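J.: Got a sequence here, can you model it:
(chains A and B)
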There are 2 protein chains.
Amino acid sequence: MSTLKRKRWSRRYGDWFRNVLIDAGIMDYRYPIKGCGVWMPYGFKIRKNVLQILRDLLDSTGHNETLFPLMIPETSLAKESAHVKSFEEECFWVTRGGLTPLKVKYALRPTSETVIAPMLKLWIRSHADLPIKLYQIVSIFRYETKATRPLIRTREVASFKEAHTTHATLEDAEAQVKEAVEVYKRFFDELGVPYTISRRPDWDKFAGAVYTLSFDMICPDGRTLQIGTVHNLGQNFSKAFDITYETEKGTQEHVWQTSYGISGRAIAALLSVHGDDHGVVLPPKIAPIQVVVIPIPYKKKDKQINRACEGVITTLKEADLRVELDPRTDLRPGSKFYYWELRGIPIRIEVGPKDVENNEATLVRRDTLEKQTCKINELVAAVQKLLKKITRDLRQRAWEWIEDRVYRVDSLEEAKQLLSKRAGIVEVLWCNRAECGRQLEEAVGARVLGVPVGTEEKVGGKCVVCGRKADHVVRAAIAY
Amino acid sequence: MSTLKRKRWSRRYGDWFRNVLIDAGIMDYRYPIKGCGVWMPYGFKIRKNVLQILRDLLDSTGHNETLFPLMIPETSLAKESAHVKSFEEECFWVTRGGLTPLKVKYALRPTSETVIAPMLKLWIRSHADLPIKLYQIVSIFRYETKATRPLIRTREVASFKEAHTTHATLEDAEAQVKEAVEVYKRFFDELGVPYTISRRPDWDKFAGAVYTLSFDMICPDGRTLQIGTVHNLGQNFSKAFDITYETEKGTQEHVWQTSYGISGRAIAALLSVHGDDHGVVLPPKIAPIQVVVIPIPYKKKDKQINRACEGVITTLKEADLRVELDPRTDLRPGSKFYYWELRGIPIRIEVGPKDVENNEATLVRRDTLEKQTCKINELVAAVQKLLKKITRDLRQRAWEWIEDRVYRVDSLEEAKQLLSKRAGIVEVLWCNRAECGRQLEEAVGARVLGVPVGTEEKVGGKCVVCGRKADHVVRAAIAY
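T.: Numbering: from 1, shown residues only, chains lettered A, B, ... in the order given. Sure, this is the predicted structure:
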């Protein structure tokens, strides 16, 4: 069933996504500035639960949360040459304070490397001050000229988690990149969001980085979505801002840095990969309400039914579950089912006359809409077991989804055909030369995502473009 | 002792405050844009605990957290005439996207009434949609031309909690104002921050409000600090944005609104009112670390001492206390005392050779620096009791501080003298006419805070300015 629905739904993914955000009370992008959205109460709770997972992972690995200013003087942004070149045309610029033109104009942060650098310069004296591992969760701003898309391509990215770390050695920075990748894997695993990890080609790395690793997901329409990036910044920013420390030997050395970010796209991915024609489907850990209890009214039995519902609520609350009763009398059960399915509540419990008679309740899982009945005195165990099963099944289905859509092919022609059908990600052999990478992009009409990371596969063969010896697999896809 | 210290310290309050923020690792304002500061890791934890209290109070009174965009089109800001007149010269203006001039320029929100209004217009249809009680915690921006002061007068106000409520009737909005005042009272009571509540004079109310109530504290230097405001907005914004709802009778009516805000000044107040020459003093509920354990090394006994310290840590953690060991071997105990006193940890526990011998620990409370010893097996109870006492004592001393600094006087001359000495707040009788209020401000060289709120005192007498019949007390002070 599920597959059928998803197939149907995937053809109109863009509309589905835009509508479900408003209809489920998650976000509303009808604000008078294009690409700027409102996190509504229900959406804000989803966002909070998602960010809490990220915070816990970062806090438990020695990162400290902070908050840096929004505005960047043009003089700071300009210090790292590759960085400013990429970002100056993408920034919103503050040029006036009140009615007065500013002498130095300020960019709204598109990312915060150049915000943090001048402070690190003040804070770091010696090797004993290192490492420094900071993060913040803020809005960043990009003057997008392409069509905007809710949560995916926005002008205000209203949930950007950016981490910035500073180290004494290149090796420490390399180790930090690995830790960041592990943290992000665990984060996406908690959301049940599947990913591929690729090392971006040099022509598509973060402006100012030595290299960039990227997490990409495949959307229901077959396009990929970059959902997280990890950058090794080397000494590029520390040299530009002259951030040095005294080594144990007493010499001065520039620090080594990394940065890594995850945006609201993580939430877009979560909603897109699990959702269906009925609306969003939330993993239990993310759901603001995990169980909704709906009385099925029946004349002469309403008192018993309502009492049974209240009993269910009390029992589940005592087990620390997030549970809510829908007591509305102006809505029929069917309308309530629709309402809560749209919002993705993992389990619906129905209590009707027959349930009361048998001392039972009916459980309906949101992801498959399957029903089961359960004795009231076994309810807590049954709900906890079902929530675990939903978590596991969502993750597994999502991984199957992505694994079915990664294709290893031998020719440009096959790659082109698959990509023209928005089939997902194609992998081909590559000689690792930028020239061939660019030609590949042109030939297949797609973007090179980069070389797989974390797979130790040995490959040998010929570059699909030039026929030279190829030691690498490279991925390409139609990307958002 | 405490009073003596505080007297000495109050003379150099401005310097003390600026230094303690950096030295204790709370905030750093040495960012290359004036009036924009960085919340450092320790400060961020304090901020988080303070905001959590506010969130809990708002959530438990039916407010929903949300997140609205930062930028406001000039066309939106201009809709309410009093509002735009006050704010347009105070806003930072975004006039360029990349290299392109924007057709409509955007203000960085100085407050969000005009951000939320167009969305309310989309969301509200009927009386059943009301009330709507929203809040958000965001940065707001003011192009301050006066000298900036950390957390008190800044260009980026990086911890602004603004609530916005919408109602069907004037009565509901009035009731909401009362609820907001109660919420804020409980909030400041939790921080141990004392306040006076005044109804601001008409010439000093929020631009766009019908009236404004304000919470003011007295700083150690005798100047007052506005730490929270509550506005009844009437139908001013709903008429400007044409936000209507269908009544039960089927007619259309404009909604009634309130808004109320608390900024980082609440944290400035908290730090200022409790601090002393040794640094900040944190109420236990706010302190990121409530108890720090410091071993007092003594040759031949170090093993036992360290083991005892670890025992203390384990015991206190099991009691859900936020406790940390300072195991550094390169610092003497005295330096550690200094380090943690600066950061305001409520209780220090010292464990030395004598303590180990007697199966005891030494407790030192941060606020009074008083010592006591305690048997190890009674430690949890002793610590919990002492934390409660510290909470109570901090609040009580702070209230005594403010109550000693509010003066009821009979003449302009007395008022002027007290204010020239920065004695605090003066109260005089007033005829309630703006003309006399303005003359009062001029005569005493201070600002009128307004008429006391919540005191039911009946007054009768003559206006201190014009000699006419006076039914009101009015407060004046040198204000930040």
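J.: Can you tell me the closest non-neighbouring residue to residue A:387?
T.: residue A:284 (4.2 Å; C-beta to C-beta, 6 or more residues apart in numbering or on different chains). From N, CA and C alone the C-beta is placed, and that goes for glycine too.
J.: and what of residue A:275?
T.: residue A:281 (5.6 Å).
J.: What segments of the stretch 1-150 of chain A are helices?
T.: A:2-10, A:13-23, A:41-59, A:74-77, A:81-87, A:113-123 (DSSP state H, counting those that start in this stretch).
J.: Now do the same for the one residue in the stretch 201-350 of chain A that gets nearest to chain B: helix, strand or coil?
T.: Proximity of the stretch 201-350 of chain A to chain B (C-beta to the nearest C-beta) peaks at residue A:330, 9.5 Å away. Secondary structure state of residue A:330, per DSSP: H, G, I helix; E, B strand; the rest coil, is coil.
J.: Which residue of chain A lies farthest from its centroid?
T.: In chain A, the residue that sits farthest from the middle, by C-alpha atoms, centre = their mean, is residue A:300; the gap is 49.4 Å.
J.: Identify the residues contacting the closest residue to chain B within the stretch 351-480 of chain A.
T.: Across the stretch 351-480 of chain A, no residue is closer to chain B than residue A:480, which sits at 20.3 Å (C-beta to the nearest C-beta). By C-beta atoms under 8 Å, 6 or more residues apart in numbering or on different chains, the contact set of residue A:480 is A:149, A:152, A:153, A:219, A:223, A:224, A:225, A:226.
J.: can I assume the third one is in contact with residue A:35?
T.: The reference is to residue A:153. Yes - at 7.2 Å, residue A:153 and residue A:35 qualify as touching, with contact defined as C-beta atoms under 8 Å.
J.: quick one: which of those two has more around it?
T.: residue A:35 (21 against 17; other C-beta atoms under 10 Å in any protein chain shown).
J.: I'd assumed residue A:168 was in contact with residue A:132.
T.: No - assessed by C-beta under 8 Å, residue A:132 is found out of contact with residue A:168, at 10.4 Å.
J.: Where does pLDDT dip in chain A?
T.: When residues are selected by pLDDT under 70, those of chain A lie in A:1-11, A:456.
J.: and the residue nearest the centre of it, helix, strand or coil?
T.: Geometric centre of chain A, nearest residue: residue A:266, 1.2 Å, by C-alpha atoms, centre = their mean. Put simply, residue A:266 is helix when judged by three-state DSSP.
J.: Please list all residues in contact with it.
T.: Per C-beta under 8 Å, 6+ apart, neighbours of residue A:266: A:50, A:187, A:188, A:191, A:193, A:227, A:228.
J.: For PyMOL, what selects the buried ones among the residues you listed?
T.: Burial among the contacts of residue A:266 is assessed by 16 or more other C-beta atoms under 10 Å in any protein chain shown; the matching PyMOL selection reads:
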select buried, chain A and resi 50+187+188+191+193+227+228
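J.: Out of the contacts of residue A:266, which sit inside strands?
T.: A:227, A:228 (DSSP state E).
J.: Closest one of the contacts of residue A:266 to residue A:417?
T.: residue A:227 (26.4 Å; C-beta to C-beta).
J.: And the closest one, how far from residue A:138?
T.: Going from residue A:227 to residue A:138 by C-beta to C-beta, to the nearest Å gives 18 Å.
J.: can you give me the helices in the stretch 351-480 of chain A?
T.: With DSSP H, counting those that start in this stretch as the criterion, the stretch 351-480 of chain A has helices at A:353-358, A:379-403, A:412-420, A:434-444.
J.: With distance to residue A:100 added, can I get those helices in CSV?
T.: Below are these laid out as CSV (distance: least, C-beta to C-beta, whole Å):
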stretch, distance to residue A:100
helix A:353-358, 70
helix A:379-403, 53
helix A:412-420, 52
helix A:434-444, 47
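J.: how about those helices in CSV, adding mean neighbour count?
T.: CSV is the format used below for these (neighbours: other C-beta atoms under 10 Å in any protein chain shown):
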stretch, mean neighbour count
helix A:353-358, 16
helix A:379-403, 17
helix A:412-420, 17
helix A:434-444, 17
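J.: Just give the number of residues close to the residue in the stretch 101-250 of chain A that chain B sits nearest to.
T.: In the stretch 101-250 of chain A, no residue comes nearer to chain B than residue A:143, which is 3.7 Å away by C-beta to the nearest C-beta. Residue A:143 sits with 22 neighbouring residues when counted by other C-beta under 10 Å.
J.: so who does it touch?
T.: Going by C-beta under 8 Å, 6+ apart, residue A:143 touches A:89, A:90, A:91, A:92, A:155, B:97, B:98, B:100.
J.: Quick check: closest non-adjacent residue to the fifth one.
T.: Put plainly, it is residue A:155. Residue A:155's closest residue in space is residue A:35 (C-beta to C-beta, 6+ apart), at 3.4 Å.
J.: Against residue A:149, how distant is the one you found?
T.: For residue A:35, the distance to residue A:149 - C-beta to C-beta - is 8 Å.
J.: now swap in residue A:180 and tell me
T.: Distance of residue A:180 to residue A:149, computed by C-beta to C-beta: 26 Å.
J.: for residue A:20, same thing?
T.: From residue A:20 across to residue A:149, the span is 13 Å (C-beta to C-beta).
J.: okay, those two: which has more neighbours?
T.: Using other C-beta under 10 Å, the more surrounded residue of residue A:20 and residue A:149 is residue A:20, with 21 against 17.
J.: what residues are up against that one?
T.: A:26, A:271, A:275, A:279, A:280, A:342 are the contacts of residue A:20 under C-beta under 8 Å, 6+ apart.
J.: could you redo the last one with a cut-off of 6 Å?
T.: With contacts defined as C-beta atoms under 6 Å, 6 or more residues apart in numbering or on different chains, the neighbours of residue A:20 are A:279, A:280.
J.: swap in residue A:28?
T.: Contacts of residue A:28 (C-beta under 6 Å, 6+ apart): A:22, A:38, A:40.
J.: closest to chain B among those residues?
T.: Nearest to chain B, judged by C-beta to the nearest C-beta, of these is residue A:38 at 5.3 Å.
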